[in-house]
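[1] Make a model of this:
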Amino acid sequence: MNSDIERTGAEMRTCLGELVNYAQEVKEVPEAIFAKADQVSRELARLLKGHEMLPQKFLQNLHMTAGILENEAPYCKNQQKVKEMAMQLQDTLGLILWGECHDDYKPGIPRIR
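    Numbering: from 1, shown residues only. From the prediction side, this is the model:
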């Protein structure tokens with residue numbers, strides 16, 4: 001696997017770990033921490049676009065973090081925002097599984113496959 005994917009994946013795991021810690025311990029997720037995790041996971045999706053073999057550890061990490069955020073949302077100060085964060089991570093995971101990335105979607109432009 002290429003070093004950019006490994007490096008970005010490791011950075012994503014760190015950011016997602018921070019998200020989980022905040023959600024479980026502080027019962028809130030600071031916007032800046034989520035923004036960083038979202039940016040890094042989007043970059044990973046871009047790097048993985050078109051790859052037939054995907055690193056399972058990164059996919060599991062995205063899936064698990066989204067699930068934890070969804071489960072912790074009812075106990076967090078901003079429940080709806082935490083649920084939205086979980087959905088964004090699920091969307092990124094879905095794009096990776098489809099061999100796509102966020103850049104493939106342009107607002108207002110219909111997609112025809």
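[2] Quick check: buried residues in whichever strand or helix holds K57?
    According to DSSP states H and E, K57 maps onto helix 56-72. Buried residues in helix 56-72, counting neighbours by 16 or more other C-beta atoms under 10 Å, are found at F58, L59, N61, L62, T65, A66, I68, L69, E70, E72. Heads up, the C-betas are built off the backbone N, CA and C, glycines and all.
[3] what's the answer for stretch 16-24, then?
    Buried, per 16+ other C-beta under 10 Å, within stretch 16-24: L16, E18, L19, V20, Y22, A23.
[4] any idea what sits nearest the last one, other than its immediate chain neighbours?
    Among residues not flanking A23 along the chain, E72 sits closest, at 4.2 Å (C-beta to C-beta, 6 or more residues apart in numbering).
[5] List the contacts of that neighbour.
    With contacts defined as C-beta atoms under 8 Å, 6 or more residues apart in numbering, the neighbours of E72 are A23, Q24, K27, V82.
[6] The same query, at a cut-off of 10 Å, please.
    By C-beta atoms under 10 Å, 6 or more residues apart in numbering, E72 lies in contact with 19-20, 22-25, 27-29, 79, 82-83, 86.
[7] try T92
    Here T92 is in contact with M12, A37, D38, S41, R42, L44, A45, L62, A66, C101, H102 (C-beta under 10 Å, 6+ apart).
[8] Would you mind listing which of those are buried?
    Counted by 16+ other C-beta under 10 Å, the contacts of T92 give M12, A37, D38, S41, R42, L44, A45, L62, A66, C101, H102 as buried.
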